[in-house]
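Q: Fold the following and give me the result.
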Amino acid sequence: MDQLLHLDRTLDELDPPRWAPPGSDATHLVRKVHELRRVPLGELSPADLRTLVAQQVALPYVLPLAVRLLLEEPLLDAYFYEGDLLLATVKAPASAWALFPDLQAGLRTVLTTLPEGVVASLPRGAAEELARFVTPA
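A: Next comes the predicted model:
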């Protein structure tokens, strides 16, 4: 997987066009996403990945990075709570997952091994989101 990623390059370089600076009235989230597009992929933290995935920014580049972390630690607490990166990732659109069927299958396999009690301890609606991802319609 790493040979396909350009960890020393930024999303502005890999996912053109470069974004213009955010407007003066931009929210904190908008400013953060613009800032993250200028960070080399290899320097993005789990919290950064959660933000980018949740906002569906450059998913062909950030989704593999997120899944790589989740395969090792599915309930990683990226920023807000245990499993926040996982929930953002499983909500990615089917079109993004179509690019990475092997990663999707690997993440599905990992999710099927999570104990029921652990899944139940996640925020409201999480079990349903995980079930949708594991067994799509």
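Q: And the strands in the chain, which stretches?
A: Here the chain has no strands by DSSP state E.
Q: relative to its centroid, which residue of it is most remote?
A: Seen from the C-alpha centroid of the chain, the residue lying at the greatest distance (CA atoms, centre = their mean) is S24, 27.3 Å away.
Q: Quick check, central residue of the chain?
A: Note: the chain centre (CA atoms, centre = their mean) maps to V53, 3.7 Å.
Q: Not counting sequence-adjacent ones, nearest residue to that one?
A: A88 (4.5 Å; CB to CB, 6 or more residues apart in numbering). Glycine gets a C-beta too; all of them are placed from N, C-alpha and C.
Q: what's the worst-scoring helix or strand of the chain on mean pLDDT in contact with?
A: Of all helical and strand segments in the chain, the minimum by mean pLDDT, DSSP states H and E falls on helix 116-120, at a mean of 92. With contact meaning CB atoms under 8 Å, 6 or more residues apart in numbering, helix 116-120 is reached by L75, A126, A127, L130.
Q: and what of stretch 128-136?
A: In contact with stretch 128-136 (CB under 8 Å, 6+ apart) are residues L86, L87, V90, K91, A94, L107, R108, L111, T112, L114, V119, L122.
Q: Quick check: PyMOL command selecting the buried ones in those.
A: Buried subset of the contacts of stretch 128-136, written as a PyMOL selection, criterion 16 or more other CB atoms under 10 Å:
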select buried, resi 86+87+90+107+111+114+122
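Q: In helices, which of the contacts of stretch 128-136 fall?
A: L86, L87, V90, A94, L107, R108, L111, T112, V119 (DSSP state H).
Q: I am finished for the moment; much appreciated.
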